[in-house]
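S.K.: Below are the sequence and a predicted model for it; my questions follow.
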Amino acid sequence: MNEHVGIVGCSAEGAALCYRHIVHEGERLLGPYRHPEISMHTLPLSDYVDCIDRNDWQGVGALMLESVRKLAAAGAAFVICPDNTIHQALPLIRAQSPLPWLHIAEVVAQEARRNGWQRIGLLGTRWLVRSEVYPQALAAQGLSWVRPTEGEIEEGHRIIMDELVKNVFRPQAVDHYAAVMHRMKDRGCDAVVLGCTEIPLVMNEENSPLPPLDSTRLLARAAVLRAVGGAK
């Protein structure tokens, strides 16, 4: 019997994309129309942004725990969160969580190592890119990383929060991310993390100058594999 997957949602676009990927990955592995049981709980994005703007990561963690407890009550066996940024709070609440977690950055770092990539560019919100979420996960796999410049960080953050999370997709966003990836390639990167759940809505293997590590798809695949195999 497959394990029940719980999704701690944050932004609507990211949570919906992760849900779809789990369904499609389930069908790929299990056959037509099949996928593990899935439950999702999503508090308003504004609750998370208010905490983050105050640098209140304990508050972010409390919101995550609220979702996990409701998912546990719904019967989930483990949880994932497709939002990279709020993983900064996961170490603060992981021991209190009634369910085990799959960590998005750890899943991505493991994939980078499996592919033999060594120097990884980071893309995401300014909260994520300036954090240690990905540096810690990549370092644990023996990999190095490159952050965007400050100007690139700010423009990428604006695109995510003013456009992508609001279901606004403009060609200028593609141009921005492609240009940043070109510069990262010049700095020795051999792959790039799409470290915001929504970036894969505009960037993919066809238009990315570097091989993209799609954090949303990779997390969904890991969740299906765990659900199917029951791995602990």
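M.R.: Arrived safely, thanks for sending.

S.K.: longest helix in this structure, by residue count?
M.R.: helix 12-30 (DSSP state H).

S.K.: Show me how far it is from its chain's centre.
M.R.: Relative to its parent chain, helix 12-30 has a centroid offset of 13 Å by C-alpha atoms, centre = their mean, to the nearest Å.

S.K.: in it, what's buried?
M.R.: Of the residues in helix 12-30, 13-19, 21-23, 25-26, 29 count as buried by neighbour count, 16 or more other C-beta atoms under 10 Å. Glycine gets a C-beta too; all of them are placed from N, C-alpha and C.

S.K.: How about stretch 223-232?
M.R.: Within stretch 223-232, the residues scored as buried using 16+ other C-beta under 10 Å are A223, V224, R226, A227, V228.

S.K.: next one: stretch 83-96
M.R.: Under the neighbour-count rule (16+ other C-beta under 10 Å), stretch 83-96 has D83, N84, T85, I86, H87, Q88, A89, L90, L92, I93 buried.

S.K.: Quick one: mean pLDDT over it.
M.R.: Confidence over stretch 83-96, taken as the mean pLDDT, stands at 97.

S.K.: can you pull out the helices in this structure?
M.R.: According to DSSP H, the helices that the chain contains are 12-30, 45-53, 57-73, 90-93, 104-114, 126-129, 133-140, 150-162, 171-186, 215-229.

S.K.: right, so of the ones you listed, which gets closest to T197?
M.R.: Ranking those by distance to T197, with C-beta to C-beta as the measure, places helix 12-30 first at 2.9 Å.

S.K.: tilt between the closest one and helix 150-162?
M.R.: With axes from the mean of the first three to the mean of the last three C-alpha atoms, to 10 degrees as the basis, helix 12-30 and helix 150-162 are set at 80 degrees to each other.
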